[in-house]
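**Student:** with the sequence up front, the predicted model follows.
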Amino acid sequence: MEWMLKKFEDLDPHELYAILQLRNIVFAVEQNCVYPDLDNRDQASYHLMCWSVPASKEEQPVLLAYTRLLPPGLAYEEPSIGRVVTSPFARKTGLGRELMKRSIEHIRTLYGKQPVRIGAQLYLLQFYQSLGFLQTSEIYLEDGIEHVEMLLS
């Protein structure tokens with residue numbers, strides 16, 4: 001696997017297409033969510049990607065996992081990790097946990113050691129708690145899906 005962190009303007013068209021395709025597959029199709037994914041926050045964010053390493057030159061790398069790292073003041077007062085997604089082909093491998101650990105490390109490098117706030121889908125509450133996040137809100141609906149705000153101190 002190859003990890004890459006890039007600002008929006010540094011993404012090449014193939015990387016951007018792969019990101020939007022994976023987000024569409026999971027957030028729109030798999031979760032049956034008919035709300036827009038594009039929210040004008042990608043441009044100000046960093047994008048963490050995990051790519052497969054092709055076995056041969058004929059194969060193309062595949063985007064296995066992705067998050068966007070939002071600066072303070074864009075979604076919340078604190079920096080945030082969003083659009084956390086793992087390809088259906090890479091689930092149950094520990095990649096999601098690795099993705100979040102790397103996201104936390106990068107966000108702290110970029111924005112300093114300060115709290116990190118996320119809007120987590122409720123069904124992933126225990127996963128995020130296992131990474132040290134604490135629930136800070138009641139359940140709310142976002143795009144028809146139950147969420148809670150969580151904070152990592």
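**Tutor:** Arrived safely, thanks for sending. Numbers count the residues shown, from 1 in each chain.
**Student:** next, the buried residues of stretch 65-83.
**Tutor:** 65-72, 74-76, 78-83 (16 or more other C-beta atoms under 10 Å). For the C-beta atoms, the positions are set from N, CA and C on the backbone; glycine is no exception.
**Student:** let me see the mean pLDDT of it.
**Tutor:** What stretch 65-83 shows for mean pLDDT is 97.
**Student:** touching it from outside, list them.
**Tutor:** With contacts defined as C-beta atoms under 8 Å, 6 or more residues apart in numbering, stretch 65-83 is touched by 5, 19, 22-23, 27, 37, 41-42, 44-50, 84-87, 90, 95-96, 98-100, 103-104, 106-107, 110-111, 114-119, 149, 151.
**Student:** quote the end-to-end distance of it.
**Tutor:** Stretch 65-83 has an end-to-end distance of 10 Å (C-alpha to C-alpha, to the nearest Å).
**Student:** what's the answer for stretch 118-131, then?
**Tutor:** Stretch 118-131 has an end-to-end distance of 12 Å (criterion: C-alpha to C-alpha).
**Student:** right, and Arg117 touches Leu151 too?
**Tutor:** Yes - taking C-beta atoms under 8 Å as the definition, Arg117 is a contact partner of Leu151 at 5.2 Å.
**Student:** list residues touching both of these two?
**Tutor:** Each of Glu78, Thr136 lies in contact with both Arg117 and Leu151 under the rule C-beta under 8 Å, 6+ apart.
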